[in-house]
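Q: sequence and computational prediction follow.
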Amino acid sequence: MTGEQLAVVSGGGTGIGRAIAARLAGDGYRVVVVGRRAAVLEQAKEEIEWTVGPGRVVPVVADLTDPEAVGAAAARIAELGPVDALVNNAGAIITPPEDDGLAALARSWRHDLDTNLLTAVLLTTALQGALRRPGGRLVVISSAAAQRGGAGPHSAGSYAAAKAALHGWAFGLARQLGPDGITVNVLAPGYIEETEIFGAGWSEDFHARKVADTLVGRAGTPADVADAVGYLVSPAAGYVTGQVIGVNGGAVLGR
């Protein structure tokens, strides 16, 4: 793999996204990390480049729910060359409604759909013409909540629904882009420690229940997801497309 290859990771400043960016930079990609917080992206750049060397990480600040901001970010990215791998990782936990009214519920759902679904749709659409043909790789980070439903403060209805919507959208993209030699796949992580969704505030009981839900007896890590991404964007995965792949320790069985 040469340094000429370019990867884009949304939500690349922390947690799973940062681990993906580090993995791809280590594999020889030049990696664009996209996110809303400039300081967080700069810190990720410094820490990753301390390991892999300078000039390998490019921070691009953008609110991916804003079409104009996405267009500007995509134009900047396209100047760097064809995009070999696009990893749509940006997303967030649910926003509780302000009150019990339908108007508050609608605002909450729209926010969560924008954050977890529209971010991927806008960035992918803006960069679609820049994807390498043939050989481009598109990976969408979903959630096990999309497969079994969401419950609790970290993955209630709007989050699970938004992540599930990514699946149908990705299947359509796989059909559309397959003839161009571009693969499209979904990764659905389960309980992953060291992320903003499952952070330090969760109780030991919560952790124990999540681990007990797996078949392997441990929580996942951001590196587990990054390793799966590393395979899916590699030449070895050229015959894998239109798939939802669980990274959940067996908490959700394949089907």
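A: Sure thing, it's come through. Residues are numbered from 1 along each chain as shown.
Q: in the protein, which residue is closest to the centre?
A: Asn89 (1.5 Å; CA atoms, centre = their mean).
Q: tell me who's in contact with the closest residue to Val211 other than its chain neighbours.
A: Leaving aside its chain neighbours, Val211 sits nearest to Ala219 (5.6 Å; criterion: CB to CB, 6 or more residues apart in numbering). C-beta here means a position set from N, CA and C on the backbone, and glycine is covered the same way. By CB atoms under 8 Å, 6 or more residues apart in numbering, the residues touching Ala219 are 191-193, 198, 207, 210-211, 249.
Q: now Arg175
A: Contacts of Arg175 by CB under 8 Å, 6+ apart are Gly242.
Q: right, and the helix or strand after the one helix or strand it maps to?
A: Arg175 is located in helix 157-177, with elements delineated by DSSP states H and E. Sequence-wise, the next helix or strand downstream of helix 157-177 (DSSP H and E) is strand 183-189.
Q: which stretches of the stretch 51-200 of the chain form strands?
A: Using DSSP state E, counting those that start in this stretch, the strands of the stretch 51-200 of the chain run over residues 57-61, 85-88, 137-141, 183-189.
Q: before we move on, the earlier item: average pLDDT for the helix holding Arg175?
A: The average pLDDT for helix 157-177 rounds to 96.
Q: buried set for that helix?
A: Residues 157-167, 169-171, 173-174, 177 are the ones in helix 157-177 that count as buried (16 or more other CB atoms under 10 Å).
Q: what's the angle between that helix and strand 137-141?
A: Going by axes from the mean of the first three to the mean of the last three CA atoms, to 10 degrees, helix 157-177 is angled at 170 degrees with respect to strand 137-141.
Q: now helix 157-177, how far from the chain's geometric center?
A: Chain-centre distance of helix 157-177: 13 Å, with CA atoms, centre = their mean, to the nearest Å.
Q: cool, stretch 34-53 as well?
A: 17 Å.
Q: also stretch 118-135?
A: 14 Å.
Q: and the end-to-end length of it?
A: With CA to CA, to the nearest Å as the measure, stretch 118-135 spans 25 Å from end to end.
Q: mind listing residues that contact that stretch?
A: Under CB under 8 Å, 6+ apart, the answer for stretch 118-135 is 8, 10, 34, 64-65, 67, 70-71, 73-74, 77-78, 82-84, 86, 88, 90-91, 138, 140, 166, 169, 173, 177, 180-182, 235, 238.
Q: that stretch: which residues count as buried?
A: Result for stretch 118-135 [16+ other CB under 10 Å]: buried residues 118-124, 126-128, 130-132, 135.
Q: likewise for stretch 106-120?
A: 108-109, 111-120.
Q: quick one: the residue nearest to Val211 from Val186, how far?
A: 21 Å (CB to CB, to the nearest Å).
Q: one more: His111?
A: With CB to CB as the criterion, His111 and Val186 are 22 Å apart.
Q: before we move on, what about Gln5?
A: Taking CB to CB, one finds Gln5 at 22 Å from Val186.
Q: higher neighbour count, these two?
A: Val186 (25 against 20; other CB atoms under 10 Å).
Q: from what I see, that one and Trp169 are in contact.
A: No - contact criterion CB atoms under 8 Å: Val186 and Trp169 do not qualify, at 9.4 Å.
Q: hmm, back to that, are any of the contacts of Ala219 buried, and if so which?
A: 191-193, 198, 210-211, 249.
Q: and the helices in the chain?
A: With helices called from DSSP state H, the chain shows them at 15-26, 38-52, 67-78, 102-113, 119-127, 145-148, 157-177, 204-212, 222-232.
Q: least confident of the ones you listed, on average?
A: Taking the mean pLDDT of the helices of the chain, helix 204-212 comes last: a mean of 83.
Q: only C-alpha atoms, please: export that helix in CSV.
A: Provided in CSV are the C-alpha atoms of helix 204-212 (Å, rounded to 0.1, in the frame of the first residue of the first chain):
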residue,chain,number,x,y,z
GLU,A,204,-20.3,-1.6,36.8
ASP,A,205,-23.6,-3.4,36.7
PHE,A,206,-24.3,-2.0,33.3
HIS,A,207,-20.9,-3.1,32.1
ALA,A,208,-21.4,-6.6,33.6
ARG,A,209,-24.7,-7.0,31.9
LYS,A,210,-23.4,-5.9,28.5
VAL,A,211,-20.4,-8.3,28.8
ALA,A,212,-22.7,-11.2,29.8
